[in-house]
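Undergrad: have a look at this prediction, sequence included:
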Amino acid sequence: MTPASAPFDQLLERYVFKVTSHQIELADPAMQTSLIDFWQTVSENVVSSEPATGLSPTQPTEWAAVLQEPIDWRSVNRRWVQEIIRKRSQSHNTYLTRLEQAMETTSVHLRALHDSPLSEPTRTRLMTHYRHLLQMYGQQLTRAQHIQQLYVARLNAGMP
Amino acid sequence: MLADWLTVIRDFNSLYNQLSACLVTSARQPTSSAPVIPWVGQCHTDQINALLVTMHNELESMLNDADRFEQLNTQEGYAQLAVHITHIKQLNQQAQVLLCLASLPTG
């Protein structure tokens, strides 16, 4: 590794972080994911290049100690990622609520069909349609709940 | 816009690493340990070093710009980012030329 590469990685990581954190609100979800992925790749480079400097046998002098003190970028970034996950988790919760509401409404419709004055073939067809809808919502709900669990797990893992 | 930025900065990172790797491999070759001027392919190591320094400095100045992002509105932020994209693109082109030269057999 060239001596210049470590500072370059750090600069790049800080630059990417700055731009990403400033622009992420304006980006669509797919873009947000790509931004976070790229930033993660870059920050992993910084982490993996760090042990090399940490292994340096020289005693930490006063200035080295001072230099090491400033902002811990990774903790700032971790907080930032956590914030993003929290926001996503919140909007995901809204999605879950809407799904549950949709299921509720469909069930009401289905129940109402039982004593409706509709003629037979139409009634059965409608009931089948509602049952299909319920089934589909149910699958979506299971998937959404799983994703929500992942979010919660990630948030809990990152808590100090 | 943001997609453009992501593409060029990704290339920027990978080109920088490739150029650095070029220097590392040239330093390992026995011929370059001789007092002759070191070449990688048809590209002088000084050229590579100079470009690496330029890329490094440009990144530093872009980071300084980015520190002021909070004071800009959306439009100004995009304009600033567009300038960055142009700079990075130019440096990427230079890096690609050098890498291309470096891959040629030494004349």
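TA: Received, thanks.
Undergrad: which residues does the residue of chain B at minimum distance from chain A contact?
TA: Proximity of chain B to chain A (C-beta to the nearest C-beta) peaks at residue B:66, 3.6 Å away. All C-beta atoms are positioned from the backbone trio N, CA, C, and that covers glycine. Residues near residue B:66 by C-beta atoms under 8 Å, 6 or more residues apart in numbering or on different chains: A:14, A:15, A:18, A:19, A:22.
Undergrad: which helix or which strand is home to residue A:142?
TA: Assigned by DSSP states H and E, residue A:142 belongs to helix A:120-158.
Undergrad: swap in residue B:8?
TA: Secondary structure assigned from DSSP H and E places residue B:8 in helix B:2-28.
Undergrad: near chain B, which residues of chain A are found?
TA: Contact residues, chain A versus chain B (C-beta under 8 Å from any C-beta of the partner chain): A:1-2, A:4-5, A:7-8, A:11-12, A:14-16, A:18-19, A:22-23, A:26-27, A:31, A:34-35, A:38, A:42.
Undergrad: where along chain A do the strands fall?
TA: Here chain A has no strands by DSSP state E.
Undergrad: show me where pLDDT drops low in it?
TA: Scanning chain A for pLDDT under 70 picks out A:1-6, A:47-78, A:158-160.
Undergrad: now do the helices in it.
TA: A:5-23, A:29-54, A:62-68, A:73-114, A:120-158 (DSSP state H).
Undergrad: and the residue nearest the centre of chain A?
TA: Centroid-nearest residue in chain A: residue A:85, 4.1 Å away (criterion: C-alpha atoms, centre = their mean).
Undergrad: wait, doesn't that one sit right on residue A:156?
TA: No: contact between residue A:85 and residue A:156 fails when scored by C-beta atoms under 8 Å: they sit 10.6 Å apart.
Undergrad: re the thing from before, for the helix holding residue B:8, what is the distance to the chain centroid?
TA: Centroid separation for helix B:2-28 versus its chain: 6 Å, with C-alpha atoms, centre = their mean, to the nearest Å.
Undergrad: now for it, which elements pack on it?
TA: Applying 3 or more C-beta pairs under 8 Å, 6 or more residues apart in numbering or on different chains; DSSP states H and E, one finds that helix B:2-28 contacts helix A:5-23, helix A:29-54, strand B:39-40, helix B:45-67, helix B:74-103.
Undergrad: quick one: the first one to helix B:74-103, angle?
TA: Read that as helix A:5-23. 150 degrees (axes from the mean of the first three to the mean of the last three C-alpha atoms, to 10 degrees).
Undergrad: now do the buried residues in helix A:5-23.
TA: A:5-6, A:8-23 (16 or more other C-beta atoms under 10 Å in any protein chain shown).
Undergrad: ditto for stretch A:90-99
TA: Neighbour counts using 16+ other C-beta under 10 Å place A:92, A:96, A:99 of stretch A:90-99 among the buried residues.
Undergrad: one more: stretch A:123-133?
TA: Across stretch A:123-133, burial judged by 16+ other C-beta under 10 Å covers A:127, A:130, A:133.
Undergrad: who touches it?
TA: Residues contacting stretch A:123-133 (C-beta under 8 Å, 6+ apart): A:106, A:109, A:110, A:113, A:116, A:118.
Undergrad: how near is the second one to chain B?
TA: Okay, so that is residue A:109. According to C-beta to the nearest C-beta, to the nearest Å, residue A:109 and chain B sit 43 Å apart.
Undergrad: and if you look at the first one?
TA: Distance, residue A:106 to chain B, by C-beta to the nearest C-beta: 39 Å.
Undergrad: and for that residue, the neighbour number?
TA: By other C-beta atoms under 10 Å in any protein chain shown, 18 other residues sit near residue A:106.
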